[in-house]
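> Can you look at this prediction? I've put the sequence above it.
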Number of protein chains: 2
Amino acid sequence: MSSYKSVIVGLGAMGMGAAQSSIRAGLDTVGCDIRDEALAAISKAGGTASKDLIEAAKNADAVAIIVVNADQTEAVLFGAGGLVQGLSKGAVVLGCATVSADFSRSVGARLAELGILYLDAPISGGSLKSAAGELSVMASGSPDAFAKAKPLLDAIAEKVFQLGDDVGQGSTMKMVNQLLAGVHIAAAMEALSLGVRCGLDAEKIYEVITACAGNSWMFENRVPHVLEADYSPRSAVDIFVKDLGIVLEEGKRNQFPLPLSAAAHQQYIGAAGMGLGGEDDSAVIKVYQKMSGITLPGDND
Amino acid sequence: MSSYKSVIVGLGAMGMGAAQSSIRAGLDTVGCDIRDEALAAISKAGGTASKDLIEAAKNADAVAIIVVNADQTEAVLFGAGGLVQGLSKGAVVLGCATVSADFSRSVGARLAELGILYLDAPISGGSLKSAAGELSVMASGSPDAFAKAKPLLDAIAEKVFQLGDDVGQGSTMKMVNQLLAGVHIAAAMEALSLGVRCGLDAEKIYEVITACAGNSWMFENRVPHVLEADYSPRSAVDIFVKDLGIVLEEGKRNQFPLPLSAAAHQQYIGAAGMGLGGEDDSAVIKVYQKMSGITLPGDND
């Protein structure tokens, strides 16, 4: 095993995959979570399981924080029993959650005061790519931070986009990606449900559109969830309530109008209002269904 | 040369490509347009050029109408000197423009009264695929209409999606495709311009997004037009003013709300209002630019 100590905080689908990739790469890997079953999985995979962030942070070279949002990132770093109480000077923190560029800059500045390096490093790719060590990382930070993080990045990522020294650029690029992802999922469901309302077969729509200019990565990936009537959350409606919220806040701060993002955001909020916030984001089609009474795969009819 | 006589009406980029493919396949091909330079190109390619629709229609096996909209389709078929005055019983007409399903059904019914077959056959793929004989055709109509049209379809299309007997299903599928295409182009420009406003490099955005889940066929195809500052119309802003108009009319008729399509439509209308209706549809980014003052490739700065 390498003497490089990596810590993964947050063992959801994305974090678990990253931790497994880190173990597989031979790094001395600690996985942190509050859930016992996630910790058991880390131990079984050959890593060290821990609920104690301060202990985990001691002598760590790199800590990747793979949690849901800014509040959780704030808590695991600076809250009671948080990572900064254990981290050494010269260690690097990778902020992997989708957060605003402003929040990321604030984290970077506070860590810099403590002599801790920071990489603004949101990830993309989903749980399968994460488990395979093939994440995409949209990263910005100092050359020192990139250098210190390299063994962990090599372990978890297929592509590391180096977006410059300015902490915040990574989160800005992730925001651009989430704007498109969120709009494309809602557009896929708007188009699919209109087609069904007008008498087309849903499977046929998928076959034709994926071969035509109307296709998107999200159309191709999410429409099968609807065709299989499987709304178990690969990524949840609530994630886009949050992420398009970040997009729209950033737009407002810059006095930059975002009509498509705003329209898509309303559809996710509508889905959440229907009680579907924890379902797969493709469940936004149920908002369109509610308005139109269409029959979808899996409905009793 | 085959004894199968095909007629292509409308020699814009898409029609010219289809006519060339028909000639290359050995069909007895007539190209019709009002512009002398288009007719000269057809003669040079080995086809017969004609401004006389009635004459062109005589003894034709198949006539593909590749014009801009429903009004032009109506005029070349049923207007003064229109095709129906020359067409024989048993000939097949392919309606290739993007039109409403209702209009297409009306055309089919009126042709049926004259003993003329009709295929609701919108096309997709752009001018390059058209020139290569590799269009996608979203087609519906009777088995007789498909059988009669087969030599021409084989000549011009790589993929023919057979969507059933019901004239109107082809146009409905094309509408679903155009909904997605129109939303995706506007979303690409919204995301790209927000990223630039927040300090990202436009080329870098293209590199990252095309490798991530935010990608779409249209993002990948249209953003280079912006990066190269080339707004010569491959497909114009006005096309999406029209096509998303068809989408929204169909939605209203079905009492089916389409918030993303409506938001995207407004951006194309805004671009047309800026005098950009004849520019490439990627020029919708100039609406976002006007609101935010961002600098785009090609601007004097």
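Sure, I can see it.

> Following the chain onward from the lowest-mean-pLDDT helix or strand in chain A, which element is next?
When the helices and strands of chain A are compared on mean pLDDT, DSSP states H and E, helix A:126-131 comes out lowest with a mean of 88. Once the chain leaves helix A:126-131, the next helix or strand it forms, by DSSP states H and E, is strand A:135-141.

> next SSE after that next one?
Downstream of strand A:135-141 (by DSSP H and E), the next one is helix A:143-156.

> Direction included, what does whatever helix or strand comes next after that next one pair against?
Sequence-wise, the next helix or strand downstream of helix A:143-156 (DSSP H and E) is strand A:157-162. Sheet pairing for strand A:157-162, assigned by DSSP bridges, gives strand A:135-141 (parallel).

> angle of the strand it pairs with against helix A:143-156?
If you take axes from the mean of the first three to the mean of the last three CA atoms, to 10 degrees, strand A:135-141 sits at 170 degrees to helix A:143-156.

> Need the CA coordinates for strand A:135-141. PDB is fine.
C-alpha atoms of strand A:135-141 as PDB (Å, rounded to 0.1, in the frame of the first residue of the first chain):
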ATOM      1  CA  LEU A 135     -15.200  10.300 -13.100                       C
ATOM      2  CA  SER A 136     -14.800  13.700 -14.900                       C
ATOM      3  CA  VAL A 137     -13.500  16.400 -12.600                       C
ATOM      4  CA  MET A 138     -13.900  20.100 -13.400                       C
ATOM      5  CA  ALA A 139     -11.100  21.400 -11.300                       C
ATOM      6  CA  SER A 140      -9.500  24.800 -10.500                       C
ATOM      7  CA  GLY A 141      -6.900  25.800  -7.900                       C
END
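
> contacting residues around that strand?
A:14, A:17-18, A:94, A:96, A:108, A:117-125, A:129, A:146, A:153, A:156-170, A:173-174, A:177, B:208, B:211-212 (CB atoms under 8 Å, 6 or more residues apart in numbering or on different chains). Every C-beta, even on glycine, is put in place using the N, C-alpha and C of the backbone.

> For A:Gly81, list the residues it contacts.
A:Gly81 touches A:52-54, counting by CB under 8 Å, 6+ apart.

> Sticking with A:Arg105, tell me its helix or strand.
Secondary structure assignment for A:Arg105, by DSSP H and E: helix A:101-113.

> Show me what that helix is packed against.
helix A:70-78, strand A:92-95, strand A:117-120, helix A:169-197 (3 or more CB pairs under 8 Å, 6 or more residues apart in numbering or on different chains; DSSP states H and E).

> For A:Phe240, which of those is the nearest?
Closest approach to A:Phe240 among the helices and strands packed on helix A:101-113 (CB to CB): helix A:169-197, 4.6 Å.

> is chain B contacted by the closest one?
Yes. Using CB under 8 Å from any CB of the partner chain, helix A:169-197 comes into contact with chain B via A:169, A:172-173, A:175-181, A:183-184, A:186-188, A:190-195, A:197.

> Helix or strand next in line after that helix, which one?
Past helix A:169-197, the next helix or strand by DSSP H and E is helix A:202-209.

> between that following helix and helix B:169-197, how big is the angle?
Using the same axes, to 10 degrees, the inter-axis angle of helix A:202-209 relative to helix B:169-197 is 60 degrees.

> could you give the mean pLDDT of helix A:202-209?
The pLDDT scores in helix A:202-209 average 97.

> I'd like the next helix or strand past it.
Next along from helix A:202-209, by DSSP H and E: helix A:217-227.

> Okay, buried residues for the following helix or strand past that next one please.
Helices and strands here follow DSSP H and E; after helix A:217-227, the next one along the chain is helix A:237-253. Residues A:237-248, A:250-251 are the ones in helix A:237-253 that count as buried (16 or more other CB atoms under 10 Å in any protein chain shown).

> one step back: not counting the helix holding A:Arg105 itself, show me its contacts.
A:70, A:73-74, A:77-78, A:84, A:93, A:95, A:117-118, A:120, A:141, A:167-172, A:175, A:250, A:253, B:198.

> Drop anything exposed from those.
For the contacts of helix A:101-113, buried by 16+ other CB under 10 Å: A:70, A:73-74, A:77, A:84, A:93, A:95, A:117-118, A:120, A:141, A:167-172, A:175, A:250, B:198.
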